[in-house]
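# I would like the atomic coordinates for the input below:
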Amino acid sequence: MNERRQFSRVLFSNQAQLRCQEAVWQTTLLDISLNGALVETPAQFAPETGQLQLSFTIPDSDILLQMETQLVHQKDNQLGLACRHIDVESISHLRRLVELNVGDPTLLNRELALFIDMRSPEK
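Residues are numbered from 1 along each chain as shown. Okay, the predicted model is just below:
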């Protein structure tokens, strides 16, 4: 399969939490982008749906990022999550995190525009 990523992924090993309705799992975030995340499959992971809330704090801060995600793949003890909704405060912090790691503001602005365009209602 020839895959072409539209969003820059940032390696970001950090503790995170997945929630599906009442179930909560502790996991490790492996990488993140404006469009989703890759996490380790938690022990006893058995969601009732593919809709999961991902949350984590930025190290050495009290900044909590949260996003509503969809499980898009599960392979090799890893879960691929696509962002379906993220609040303004979380996307602002995530944008800054990606910007610091990508180092190319032009690329990041293009990705942010694509992210917004992908979530805009049909005209």
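
# where does this protein have low pLDDT?
Applying pLDDT under 70 to the chain picks out residues 1-8, 103-109, 111-116, 118-123.

# In it, mark out all the helices, start to finish.
With helices called from DSSP state H, the chain shows them at 88-102, 105-119.

# how far does the first one sit from the chain's center?
I take that to be helix 88-102. 11 Å (CA atoms, centre = their mean, to the nearest Å).

# what's the answer for stretch 38-57, then?
On CA atoms, centre = their mean, the centre of stretch 38-57 falls 11 Å from that of its chain.

# and residue 61, how far is that from residue 82?
Taking CB to CB, to the nearest Å as the measure, residue 61 falls 25 Å from residue 82. No exception for glycine: its C-beta is placed from N, CA and C like everyone else's.

# Looking only at neighbour counts, state which of these two leads.
The residue with more neighbours, out of residue 61 and residue 82, is residue 82; 15 against 8, by other CB atoms under 10 Å.

# ok, the more buried one touching residue 38?
No: if you go by CB atoms under 8 Å, residue 82 and residue 38 don't touch, sitting 10.8 Å apart.

# Now for those two: what residues contact both?
Here residue 82 and residue 38 share no contacting residue, scored by CB atoms under 8 Å, 6 or more residues apart in numbering.

# all strands of the protein, in order?
Remark: strands assigned in the chain by DSSP state E are 10-20, 23-33, 36-40, 51-57, 64-75, 78-86.

# which of the residues in the second one are buried?
Neighbour-count burial for strand 23-33, counted by 16 or more other CB atoms under 10 Å, picks out 25, 27, 28, 29, 30, 31, 32, 33.

# cool, the fifth one as well?
Burial within strand 64-75, assessed by neighbour count using 16+ other CB under 10 Å, is assigned to 65, 66, 67, 69, 71.
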